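J.: Dropping a prediction and its sequence here:
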Amino acid sequence: MRRRRRTRIVATLGPASSGSEMISKLFVAGADVFRINMSHTGHDRLRELVRTIREVEAHFARPIAILADLQGPKLRLGAFEGGHATLVPGSSFTLDSEDRPGDSTRVRLPHPEILAALEVGDALLLDDGKIRLVATEVGPHRAVTNVVVGGEISDRKGVSVPDTTIPVSAMTAKDRSDLEAALDAGADWIAVSFVQRPEDVAEVKKVARGRAGVMAKIEKPQGVARLDEIMDFADAIMVARGDLGVEMPLESVPGTQKRITRLCRKFGKPVVVATQMLESMISSPVPTRAEVSDVATAIFEGADAVMLSAESAAGSYPVEAVSTMSRIAEEIERDPTYRSVIANQRPAPEGTSADVIAAAAREMAEYLEMAAIVCGTSSGATALRVARERPKPPIIAVTPNLGTARRLCVVWGLHPIVTPESTNLDDLVDGATRTAVREAFAAPGDRIILVAGVPLGTPGATNMLRIARTPPR
């Protein structure tokens, strides 16, 4: 099954999309990666979903990636007398450690780490930013705030602290248990929530030990501020715009999205743009024009993948949402301005032989109008460097490792194929040319360009370019 688009689609599974038949329909409609949200998924259900996806994968004989998304810390208020209270703008409101019901003047904040880290002038956002407080007095057991934006608040609503770096791990005890379960079940990617610093990603990578790629979710201003450092540790990045829009001004989110996308492309790290992309399709069979433009913007920026959340997990039209996103991507990629936009944003090659070879492969393939670029790759590194170039010809990644093929499903433009391990260079060339014809990327007698590392099977040793002609009829 060959995709006719370069941008990949991540579809979240949930009540509306958990059976084998529905997952098959979503794959046919265009889903390349299936996300399992561990906030709502137990370990037995996780294993069941993974088994179902692998059955679909075997049926279609195409690699499918599985992304397990860890919940991360959930910061919430305590309870109120009567279940709710009203905060009046301009009034004083205290957050403290006292274990008793709250009212319109105070409530328990069962997170001493927040109280310890707050400074005067720091903002606190309650209930997804609907209520805004600013700290006026701080101490180890209480924080007095001024109500800037008031309203009604109820029990256990969420708390965000956009100005404060909280000295807690991005992984809770639940996340550690979920991480081990996801790795044991065979997830290909692990998404880390609540990333504030590079150590949050390193902690997950230490547990994963290469069994899965680690994707850092950028959903906090602290993560944006240290993005360069986080990029050094993460295998991929997710722009979690929903939470970003709570913790930073809404008008800042589009520019932040562009900056993250371009930085990921510079470093050759896959980037997924997520949250509310086709939100209206939760209840409508067609999206709004603004949503179509939103998806198009991410595609014009060269994002590796765009993601559906509730649209595919709990909506009334999951298949329609995936097929709509696929059609948008196909149309944008056919647009006459798409190639020029992608080319104008192309970063200069980094100072490594692998990057220079990848850039040369793109130029040769485009100038000589070759049918395809074929990457022989063991770890996926060669294919990632070529995909970073965003070449016009299609990219085929041939690998003997099924895990590598699955992981590459999130990467722009890559068509991963599992092939027997080549014993020598002639074997690799022969397999690459035959694969290009068999997968309908090239016709008999066409020229392709092969990128690989010699000795074969050495991770990260991209050092060879070769022009080859596919076998004649």
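T.: Noted; the coordinates are in hand. Since this is a predicted model, take the numbers as computed values, not measurements.
J.: just the helices in the stretch 351-473 of the chain please.
T.: Using DSSP state H, counting those that start in this stretch, the helices of the stretch 351-473 of the chain run over residues 353-367, 381-388, 402-407, 425-438.
J.: Buried residues, the longest one. List them.
T.: Neighbour counts using 16 or more other C-beta atoms under 10 Å place Ala354, Asp355, Ile357, Ala358, Ala359, Ala361, Arg362, Met364, Ala365, Glu366 of helix 353-367 among the buried residues. To be clear about C-beta, it is placed using only N, CA and C from the backbone, and glycine gets the same treatment.
J.: Stretch 26-41 now?
T.: Quick answer for stretch 26-41 (16+ other C-beta under 10 Å): 26-27, 29-38, 41.
J.: Could you pull up the mean pLDDT of it?
T.: Computed over stretch 26-41, the mean pLDDT rounds to 97.
J.: how distant is it from the center of its chain?
T.: Remark: stretch 26-41 is offset 12 Å from the chain centroid, using C-alpha atoms, centre = their mean, to the nearest Å.
J.: gap between the two ends of that stretch?
T.: The first and last residues of stretch 26-41 sit 19 Å apart, counting by C-alpha to C-alpha, to the nearest Å.
J.: Quick check: nearest residue in space to Phe194, chain neighbours excluded?
T.: Gly72 (3.7 Å; C-beta to C-beta, 6 or more residues apart in numbering).
J.: Which of the three states applies to that neighbour?
T.: coil (DSSP: H, G, I helix; E, B strand; the rest coil).
J.: Could you check how far it is from Leu26?
T.: From Gly72 across to Leu26, the span is 26 Å (C-beta to C-beta, to the nearest Å).
J.: ok, what's across the strand from the residue nearest to Arg8 when sequence neighbours are not counted?
T.: With C-beta to C-beta, 6+ apart as the criterion, Arg8 has its nearest non-adjacent residue at 3.9 Å, and that residue is Ala305. For Ala305, the beta-bridge partners under DSSP bridges are Arg8, Val272.
J.: residue contacts, Met307?
T.: Ile9, Val10, Ala11, Thr12, Arg35, Met238, Val272, Val273, Ala274, Thr275, Met277 (C-beta atoms under 8 Å, 6 or more residues apart in numbering).
J.: let's go with 6 Å and repeat that
T.: Contact analysis of Met307 by C-beta atoms under 6 Å, 6 or more residues apart in numbering lists Val10, Val272, Ala274.
J.: Next: Val192.
T.: Per C-beta under 6 Å, 6+ apart, neighbours of Val192: Leu70, Ala170, Val201, Val204, Ala216.
J.: if we go to 7 Å?
T.: Leu70, Ala170, Asp200, Val201, Val204, Val214, Met215, Ala216, Lys217 (C-beta atoms under 7 Å, 6 or more residues apart in numbering).
J.: and it, how far is that from Ile218?
T.: 10 Å.
J.: what's the answer for Asp103, then?
T.: The spacing between Asp103 and Ile218, counted by C-beta to C-beta, is 37 Å.
J.: Between the two, which is the more surrounded one?
T.: Ile218 (27 against 14; other C-beta atoms under 10 Å).
J.: Report pLDDT for the nearest residue to Met231 once chain neighbours are set aside.
T.: Leaving aside its chain neighbours, Met231 sits nearest to Phe267 (5.5 Å; criterion: C-beta to C-beta, 6+ apart). Predicted confidence (pLDDT) for Phe267: 93.
J.: Quick check: which ranges of this protein have low pLDDT?
T.: By pLDDT under 70, the weakly predicted segments of the chain are 457, 460.
J.: tell me the domain boundaries of it?
T.: 8-72+170-338, 81-160, 353-469 (automatic domain parsing).
J.: Quick one: those as TSV, columns for distance to Gln345 too.
T.: Output for the domains of the chain, formatted as TSV (distance: least, C-beta to C-beta, whole Å):
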stretch	distance to Gln345
domain 8-72+170-338	6
domain 81-160	31
domain 353-469	8
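J.: Against His84, how distant is Asp184?
T.: Distance from Asp184 to His84, by C-beta to C-beta: 42 Å.
J.: again with Asp304
T.: 43 Å.
J.: all strands in the stretch 101-250 of the chain, in order from the N-terminus.
T.: Using DSSP state E, counting those that start in this stretch, the strands of the stretch 101-250 of the chain run over 106-108, 123-126, 131-138, 142-149, 151-154, 159-160, 189-192, 213-218, 236-240.
J.: which residue packs closest to Ile342, ignoring adjacent ones?
T.: Arg390 (4.9 Å).
J.: my bad, should have said Arg106
T.: Nearest residue to Arg106, sequence neighbours excluded (C-beta to C-beta, 6+ apart): Thr94, at 4.0 Å.
J.: now that neighbour: how far from Arg76?
T.: Counting by C-beta to C-beta - Thr94 and Arg76 are separated by 17 Å.
J.: which of these two has more neighbours?
T.: Thr94 (17 against 14).
J.: what residues are up against that one?
T.: Applying C-beta under 7 Å, 6+ apart, the residues contacting Thr94 are Thr105, Arg106, Arg142, Val144.
J.: Direction included, what does the helix or strand where it lies pair up with?
T.: For Thr94, the element it lies in under DSSP states H and E is strand 92-96. Sheet pairing of strand 92-96 (DSSP bridges) gives strand 106-108 (parallel), strand 142-149 (antiparallel).
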